[in-house]
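Peer 1: Pasted the sequence and its predicted model underneath.
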Protein chains: 2
Amino acid sequence: MRMTPMIESFVFHFGEMGSRWGFNRTVGQIYALLVISEQPLSANDIGEMLGISRGNVSMGLKELHSWQLVHTTHRPGDRKDYYQSRGSIWDMANRVFEERRKREMDPTLSLLRDILLDEAGNAEEAYAQERIAEIHDLLENITEWTQSLQSLSPEKLNTLMKLGSGVGKVLEFKDKLMAKKAD
Amino acid sequence: MRMTPMIESFVFHFGEMGSRWGFNRTVGQIYALLVISEQPLSANDIGEMLGISRGNVSMGLKELHSWQLVHTTHRPGDRKDYYQSRGSIWDMANRVFEERRKREMDPTLSLLRDILLDEAGNAEEAYAQERIAEIHDLLENITEWTQSLQSLSPEKLNTLMKLGSGVGKVLEFKDKLMAKKAD
DNA sequence: TAATACTTTCAGAAATTTCTGAATATTCAA
DNA sequence: TTGAATATTCAGAAATTTCTGAAAGTATTA
């Protein structure tokens, strides 16, 4: 694949984005390149296209492997490794969410839980604990919810997203149905 | 407020978290401090507690203002500004989502749209555009959805979250109801 | 108006993150 | 085995981000 201006602007922007999603600029660029390339790319291809060192490519690919976002493939009679992005865009988004949950949310929740188990030493700590409990509950809710959304089938998830704020209406149905059952 | 070990561990960890959410460590720490302090704090208080310079505190508070996460208050006969966190934890999460959407998602969507408007120069670009279209659609879906969730009342949102993957069941009810209406 | 008490700004320093490339390791064919 | 081709590692360099503190700005009081 050649670096046309179109491809370049996508790849570079995605690099900046990547750094918001938990990996650095280069890793984002490498991933962007692999996503929009129909053919698998060798580490040398990648380094040349992005103008970065071979070592940096190697580190970036290692990171992408740890996020399970790339695949290594081979060609007969060729010792080089060739890299491909793995799964659909949806899978990618899921992986990023999941990985971030594991790396950030889980340790935070565990720290907050520990703090809440401690005895407050004075009124200030007691107040702090109240606020920390709120944060803990919020994070726990969000974590559990996103986890349960991820377990939904893609079609259902899509219905839900298409519903938008119409979800409010659906919840009213649900309340009525529950009320009838209770009769 | 005094910096006890409990408060310290919360504040420092929150600082690390903050840097994942779009602002730097110090900004996260300042915010953490304000959230768990019942009394408003002066810029000097904050600087002393966190062991950072007066200038840094000022820059951090400016950033938090731009995220609309803090309030300035005053005391009679005292020229100092006192700072307080603003709104509930929920409000905070909403602000962070919204602000990040504005700063990151919107520009990305606009770039992707521009790329998709260009004519593909060759087969490679055509393939790239297909993948870019997928990413664009995904981001647009997520953006619209999170926006519509934010417009939901807190109670409804809470019901929805409590529902977890049970939301799948509710969607089935909805389908049945729609089907009946269509009769 | 001047003095005081505070806040903000920003150039350069310090800290942190990322990148390079030579050295080292691995793989595979002969 | 050996050697050629390739991949990985990591110490130090480069780039980037964050922080400091002195100087400049602002608001209030007398």
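Peer 2: Alright, I've got the coordinates. Numbering: from 1, shown residues only, chains lettered A, B, ... in the order given.
Peer 1: what's the neighbour count on the residue in chain A positioned nearest to DNA strand D?
Peer 2: Nearest to DNA strand D, among the residues of chain A, is A:Gly55, at 2.9 Å (C-beta to the nearest atom of the strand). For the C-beta atoms, the positions are set from N, CA and C on the backbone; glycine is no exception. For A:Gly55, the number of neighbouring residues by other C-beta atoms under 10 Å in any protein chain shown comes to 10.
Peer 1: Would stretch A:146-153 count as contacting chain B?
Peer 2: Yes - Stretch A:146-153 lies within reach of chain B by C-beta under 8 Å from any C-beta of the partner chain, at A:148-149, A:151-153.
Peer 1: before we move on, the earlier item: so which strand or helix has the residue of chain A closest to DNA strand D?
Peer 2: helix A:54-66 (DSSP states H and E).
Peer 1: List the contacts of that helix.
Peer 2: A:23, A:26-27, A:30-31, A:34, A:43-44, A:46-47, A:50, A:70, A:83 (C-beta atoms under 8 Å, 6 or more residues apart in numbering or on different chains).
Peer 1: where along chain A do the strands fall?
Peer 2: Assigned by DSSP state E, chain A shows strands spanning A:41-42, A:70-75, A:78-85.
Peer 1: just checking, what packs against the last one?
Peer 2: With contacts defined as 3 or more C-beta pairs under 8 Å, 6 or more residues apart in numbering or on different chains; DSSP states H and E, the packing partners of strand A:78-85 are helix A:25-36, strand A:41-42, helix A:43-50, strand A:70-75.
Peer 1: Parallel or antiparallel, which strands does it pair with?
Peer 2: Strand A:78-85 has the following sheet partners, assigned by DSSP bridges: strand A:41-42 (antiparallel), strand A:70-75 (antiparallel).
Peer 1: Using PDB, write down the CA coordinates of the longest one.
Peer 2: Output for strand A:70-75, consisting of C-alpha atoms alone and laid out as PDB, is shown next (Å, rounded to 0.1, in the frame of the first residue of the first chain):
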ATOM      1  CA  VAL A  70      -3.400  -7.900  15.400                       C
ATOM      2  CA  HIS A  71      -2.700 -11.200  13.800                       C
ATOM      3  CA  THR A  72       0.600 -12.500  12.500                       C
ATOM      4  CA  THR A  73       0.600 -14.400   9.200                       C
ATOM      5  CA  HIS A  74       3.200 -15.900   6.900                       C
ATOM      6  CA  ARG A  75       3.900 -16.400   3.200                       C
END
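Peer 1: Which positions within it qualify as buried?
Peer 2: A:Val70 (16 or more other C-beta atoms under 10 Å in any protein chain shown).
Peer 1: Same question for stretch A:139-159.
Peer 2: Quick answer for stretch A:139-159 (16+ other C-beta under 10 Å): A:139, A:145-146, A:148-149, A:152, A:156-157, A:159.
Peer 1: Now render these as JSON lines, adding pLDDT.
Peer 2: Shown next, in JSON lines, are the buried residues of stretch A:139-159 (pLDDT from 0 to 100):
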{"residue": "A:Leu139", "pLDDT": "92"}
{"residue": "A:Trp145", "pLDDT": "88"}
{"residue": "A:Thr146", "pLDDT": "88"}
{"residue": "A:Ser148", "pLDDT": "88"}
{"residue": "A:Leu149", "pLDDT": "86"}
{"residue": "A:Leu152", "pLDDT": "83"}
{"residue": "A:Lys156", "pLDDT": "81"}
{"residue": "A:Leu157", "pLDDT": "81"}
{"residue": "A:Thr159", "pLDDT": "82"}
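Peer 1: So which of those belong to helices?
Peer 2: Mapping the buried residues of stretch A:139-159 onto helices (DSSP state H) picks out A:139, A:145-146, A:148-149, A:156-157, A:159.
Peer 1: quick revisit: run through the residues of stretch A:146-153 next to chain B and flag the ones next to DNA strand C.
Peer 2: Applying C-beta under 7 Å from any atom of the strand, the subset of those adjacent to DNA strand C is empty.
Peer 1: mind putting the contacts of helix A:54-66 in CSV, pLDDT and distance to A:Ala93 included?
Peer 2: Output for the contacts of helix A:54-66, formatted as CSV (pLDDT from 0 to 100; distance: C-beta to C-beta, whole Å):
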residue, pLDDT, distance to A:Ala93
A:Phe23, 91, 14
A:Thr26, 97, 20
A:Val27, 97, 16
A:Ile30, 97, 18
A:Tyr31, 97, 12
A:Leu34, 97, 16
A:Ala43, 97, 26
A:Asn44, 96, 29
A:Ile46, 97, 22
A:Gly47, 97, 27
A:Leu50, 97, 23
A:Val70, 95, 15
A:Tyr83, 97, 20
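Peer 1: Taking the residues you listed together, which two end up most distant?
Peer 2: A:Phe23 and A:Asn44 (21.5 Å; C-beta to C-beta).
Peer 1: Have a look at those two and say which one is more surrounded.
Peer 2: A side-by-side neighbour count of A:Phe23 and A:Asn44, using other C-beta under 10 Å, places A:Phe23 first with 21 against 11.
Peer 1: So for that one, what's the nearest residue that isn't a sequence neighbour?
Peer 2: Nearest residue to A:Phe23 in three dimensions, chain neighbours excluded: A:Glu63, at 5.8 Å (C-beta to C-beta, 6 or more residues apart in numbering or on different chains).
Peer 1: what about that neighbour, how many residues close to it?
Peer 2: Around A:Glu63 there are 18 other residues, counting by other C-beta under 10 Å.
Peer 1: Single out the residue in chain A that lies closest to DNA strand C.
Peer 2: A:Gly55 (2.1 Å).
Peer 1: now that we're looking at that residue, how far away is A:Val27 from it?
Peer 2: A:Gly55 sits 14 Å away from A:Val27, going by C-beta to C-beta, to the nearest Å.
Peer 1: about what we covered before: any of the contacts of helix A:54-66 buried? List them.
Peer 2: Buried among the contacts of helix A:54-66 (16+ other C-beta under 10 Å): A:23, A:26-27, A:30-31, A:34, A:43, A:46-47, A:50, A:70, A:83.
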